[in-house]
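Asks: Curious how this folds, go ahead:
(one chain, ligands or ions: 1)
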Amino acid sequence: MDKFIIHGGKKLKGTVKIGGAKNAALPILAATLLAPGTHRLHNMPRLRDITTMTCMLEHLGCQVTGDGTLEVRADHLNFDEAPYDMVKTMRASVLVMGPLVARVRHARISLPGGCAIGARPINLHLKAMQALGADIHLKEGYAEVVASRLKGAEIHFDIVTVTGTANAMMAAAVADGTTVITNAACEPEIVDLALFLNAMGAEIEGAGSERVVIRGVPQLKPAEHTIVADRIEAGTFMMAAAITGGDVTLENAPAEFLQTAMARLEETGVRFEHTEHGLRVIGPETITSANVTTEPHPGFATDLQAQFTALMAIARGTSSITETIFENRFMHIPELARMGADISVDGGTATVRGVDKLAGAPVMATDLRASASLVLAGLAAEGTTEIDRIYHIDRGYERIEERLAALGADIQRVTREP
Ligand code: EPZ
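Replies: Numbering: from 1, shown residues only. Coordinates of the predicted model:
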């Protein structure tokens, strides 16, 4: 397994280009199953999770070619099952449920099982399929979803679910009649999915708001689309600049999707400037503590919580970080403590008492965003940090060590003999 070796203390300086959003690319790749023909998708990030999804599409009968721009041919689907060994590696595999039910009226989806950050059930996805007229049979760890026909429905999500909203939109796109989703996820990635579906001939209004209206159409057609920029990657690089007291310009940063995170970062002393080259992020000499509570978009993103916790670990003062989306998204905290962070956890709230400096140490990545948190801590720490199990970070960040090194970080990937 590969690991990172980081010698901390370098201020990041320079420019970095933000890539396409993983969490938009995944549902959009799944949506290609809805229509035969060749789809063309630009600004596709080169990530492990994208590879996992393209393998899933090929497993179902698609042909996928290209790099950066992907061509997906979904002429004939010869399979309708998302097997356990694929779903267990990436929960987002459940995104093929809606498109399969819409296209071939049947899907056999492995129940995802738990993951590092929480139980993450798919009950709300299944409830949405039932509302649209599907029958659900749970057996042997799989959900069989069968619908002789899909009909428009009222779907209310008791909890905001991003991929649940995506699955409902994709199935409703070709249902008979109109579907209204309430308490829908408002994430920008949902808006990007709706743009792609409408380019395919769907009739979706209200994406990005809590009420989405989908007028079903008989048939969709292949489409071309450019994936929206990744707000979580941009937020992560903002915090890398902040934690190192650096001065970094982000090209293609979707600042409009990061208003809450940028407001919290300004409270810590970070300054932002919109320049002709992109969004300039200037880290403060001294970081001031600030409090955050994670919320569905446009609130503070749960996917930036671990990174912000690392930043607060060396802030002056005490901060309170409350995680409301997932029940176990503090796995980075014991690892940060190994580096000298002073953090206590009570239920969903972490209290971070800032320390002057973190000290480099061997630590272990546990999930995607926790690993990003450890990289940020290593960049700021005195001494050497070794991060093990960095396959987690490769799921959501393209060549992050190369891009950080180009900004002046002393970071390298080493392959440890098995
Ligand atoms: C999406 O996951 C993202 N993944 C996650 O990003 C992100 O953290 C999450 O939304 C929240 O913003 C993708 O888009 C591929 P949810 P998703 O359904 O859709 C509960 C990353 O780091 N819930 O919005 O799986 C669930 O347990 C990843 O890039 C149910 O109870 O999350 C959670 O507590 C991590 N039943 C809450 O809702 C359901 O049927 C929100 O989950 C569905 C969800």
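
Asks: Let me know the helix or strand that residue 371 is in.
Replies: helix 368-380 (DSSP states H and E).

Asks: What's the first helix or strand after that helix?
Replies: strand 384-388.

Asks: mind listing what's buried in that next one?
Replies: 385, 386, 387, 388 (16 or more other C-beta atoms under 10 Å). Yep, even glycine has a C-beta here, placed from its N, CA and C like the rest.

Asks: Can you verify residue 170 is assigned to a strand?
Replies: No. Assignment of residue 170 by DSSP: H, G, I helix; E, B strand; the rest coil gives helix, placing it outside any strand.

Asks: coming back round to it: closest to the ligand out of the buried residues of strand 384-388?
Replies: Using C-beta to the nearest ligand atom, residue 387 comes nearest to the ligand of the buried residues of strand 384-388, at 16.9 Å.

Asks: Show me what the nearest residue to that closest one once chain neighbours are set aside is bridged to.
Replies: Nearest residue to residue 387 in three dimensions, chain neighbours excluded: residue 4, at 4.4 Å (C-beta to C-beta, 6 or more residues apart in numbering). Under DSSP bridges, the beta-bridge partners of residue 4 are residue 387, residue 413.

Asks: how distant is stretch 393-401 from the center of its chain?
Replies: Distance of stretch 393-401 from the chain centroid (C-alpha atoms, centre = their mean, to the nearest Å) equals 12 Å.

Asks: oh, and call the first residue 57 from now on, that's how I've got it
Replies: All right, first residue 57 from here; so that's stretch 449-457.

Asks: touching the ligand at all, it?
Replies: Yes. Counting by C-beta under 6 Å from any ligand atom, the ligand has neighbours in stretch 449-457: residue 452.

Asks: returning to what we had before: what about the residue nearest to residue 443, distance to residue 433?
Replies: For residue 60, the distance to residue 433 equals 12 Å [C-beta to C-beta, to the nearest Å].

Asks: Now do the shared contacts for those two.
Replies: residue 441 (C-beta atoms under 8 Å, 6 or more residues apart in numbering).

Asks: The two: which has the busier surroundings?
Replies: Using other C-beta atoms under 10 Å as the criterion, residue 60 and residue 433 rank with residue 433 on top: 33 against 23.

Asks: Test my guess that that one contacts residue 443.
Replies: No. Assessed by C-beta atoms under 8 Å, residue 433 is found out of contact with residue 443, at 9.3 Å.

Asks: tally of neighbours for residue 63?
Replies: Neighbours around residue 63, by other C-beta under 10 Å: 17.

Asks: scratch that, residue 238
Replies: Neighbours around residue 238, by other C-beta under 10 Å: 11.

Asks: Isn't it up against residue 267?
Replies: Yes. If you go by C-beta under 8 Å, residue 238 and residue 267 touch, sitting 5.5 Å apart.

Asks: List the buried residues for stretch 325-340?
Replies: By 16+ other C-beta under 10 Å, the buried positions in stretch 325-340 come out as 325, 326, 328, 334, 335, 336, 337, 338, 339, 340.

Asks: Need the nearest residue in space to residue 401, chain neighbours excluded.
Replies: Here the residue nearest residue 401, using C-beta to C-beta, 6+ apart, is residue 386, at 5.5 Å.

Asks: Between the two ends of stretch 449-464, how far is it?
Replies: 20 Å (C-alpha to C-alpha, to the nearest Å).

Asks: Let me know the average pLDDT across it.
Replies: Across stretch 449-464, the average pLDDT comes to 97.

Asks: Sort out which residues of that stretch are buried, please.
Replies: Residues of stretch 449-464 classed as buried: 449, 450, 451, 452, 453, 454, 456, 457, 459, 460, 463, 464 (neighbour count, 16+ other C-beta under 10 Å).

Asks: All the helices of the stretch 107-256 of the chain, in order from the start?
Replies: Applying DSSP state H, counting those that start in this stretch to the stretch 107-256 of the chain gives helices spanning 140-143, 153-160, 179-187, 218-228, 244-255.

Asks: from those, which stretch is densest packed?
Replies: helix 218-228 (a mean of 29; mean count of other C-beta atoms under 10 Å).

Asks: Just want the angle from that one to helix 179-187.
Replies: Taking axes from the mean of the first three to the mean of the last three C-alpha atoms, to 10 degrees, one finds that helix 218-228 is oriented at 20 degrees with respect to helix 179-187.

Asks: Please save the CA atoms from helix 218-228 in CSV.
Replies: This file holds the C-alpha atoms of helix 218-228, laid out as CSV (Å, rounded to 0.1, in the frame of the first residue of the first chain):
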residue,chain,number,x,y,z
VAL,A,218,-28.2,13.7,-2.0
THR,A,219,-28.0,10.4,-3.8
GLY,A,220,-31.6,9.6,-2.8
THR,A,221,-32.7,12.8,-4.6
ALA,A,222,-30.5,11.9,-7.6
ASN,A,223,-32.0,8.4,-7.8
ALA,A,224,-35.6,9.7,-7.6
MET,A,225,-34.9,12.3,-10.3
MET,A,226,-33.4,9.8,-12.7
ALA,A,227,-36.3,7.3,-12.3
ALA,A,228,-39.0,10.0,-12.5
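
Asks: Just read off the phi/psi values of residue 136.
Replies: According to degrees, to the nearest 10, the main-chain angles of residue 136 amount to phi -140, psi 40.

Asks: For residue 455, list the residues it contacts.
Replies: Counting by C-beta under 8 Å, 6+ apart, residue 455 has contacts residue 102.

Asks: 10 Å instead?
Replies: By C-beta atoms under 10 Å, 6 or more residues apart in numbering, the contact list for residue 455 reads 75, 102, 103, 461, 462, 469.

Asks: Surely the second one and residue 124 touch.
Replies: Which is residue 102. Yes. Using C-beta atoms under 10 Å, residue 102 is in contact with residue 124, at 7.2 Å.
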